[in-house]
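Visitor: Quick check, what structure comes out for this input:
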Amino acid sequence: MSGFSDAIRQAREKWHYRGQVRPPFAEATAAGQESVWDYPRPPRIESDSRSVVVAWQGQTIAETNRALRVLETASPPTFYLPPEDVRTDLLRSAPGGSICEWKGQARYWSVVLGDDQIDHAAWSYDQPFENCREIAGCFSFYPGKLDCYVDGVRATPQPGGLYGGWITPDVVGPFKGAPGTGHW
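Guide: Residues are numbered from 1 along each chain as shown. Presented below is the predicted three-dimensional model:
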């Protein structure tokens, strides 16, 4: 991290909202819903015992009741699944990577099913920053590329394609990722 310390610090400082107060444009919650504007920065990680399934064209890629939810201001939850509950034989290392100012260096994965390959469909953190060490080695999947379910409800992707949050009826936004939300 020493090579990235200034860049990481600057990236962390750019965020205007950090979960202390909902902005005036935040959607109202109904019973049983969470506002992504109540999630903190740095993110909070929670265990989630609901059924989480990742599939593609009817084939299960991952299934667990031991997911970790990463909750970060303005983003729908991102679900991380333990490697024991993932068909890692279907994953192939993909080129490239990215750095999250809160989690660290991400590694990307493609899903290979027979002759079909879904590029950059998943990611993981081999050595996340200290505050996110619980997700080390776990996998998260893009709901815009695969069929991702929480308790049987299909998640929709976070806007913009960059982030991997899972939008379900139990969370309200608006969500970062769309044009004009870069400062959120």
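Visitor: how far is stretch 166-174 from where the chain is centred?
Guide: Offset of stretch 166-174 from its chain centre (CA atoms, centre = their mean, to the nearest Å): 13 Å.
Visitor: how about that stretch: buried residues?
Guide: Neighbour counts over stretch 166-174 (16 or more other CB atoms under 10 Å) mark Trp166, Ile167, Thr168, Asp170, Val171, Val172, Gly173, Pro174 as buried. For glycine as for every other residue, the C-beta is placed from the backbone atoms N, C-alpha and C.
Visitor: Which residues does Ser124 form beta bridges with?
Guide: Beta-bridge pairing for Ser124 (DSSP bridges): Arg107, Phe139.
Visitor: Report the contact partners of it.
Guide: Ala106, Arg107, Trp109, Ile135, Gly137, Cys138, Phe139, Ser140 (CB atoms under 8 Å, 6 or more residues apart in numbering).
Visitor: Pull out the buried positions in stretch 117-136.
Guide: Neighbour counts over stretch 117-136 (16+ other CB under 10 Å) mark Ile118, Ala121, Ala122, Trp123, Ser124, Tyr125, Pro128, Phe129, Cys132, Ile135 as buried.
Visitor: Which members of these are positioned in strands?
Guide: Within the buried residues of stretch 117-136, residues falling in strands by DSSP state E are Ile118, Ala121, Ala122, Trp123, Ser124.
Visitor: Can I get the buried residues of stretch 166-174 in TSV including pLDDT?
Guide: Shown next, in TSV, are the buried residues of stretch 166-174 (pLDDT from 0 to 100):
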residue	pLDDT
Trp166	98
Ile167	98
Thr168	98
Asp170	97
Val171	98
Val172	98
Gly173	97
Pro174	97
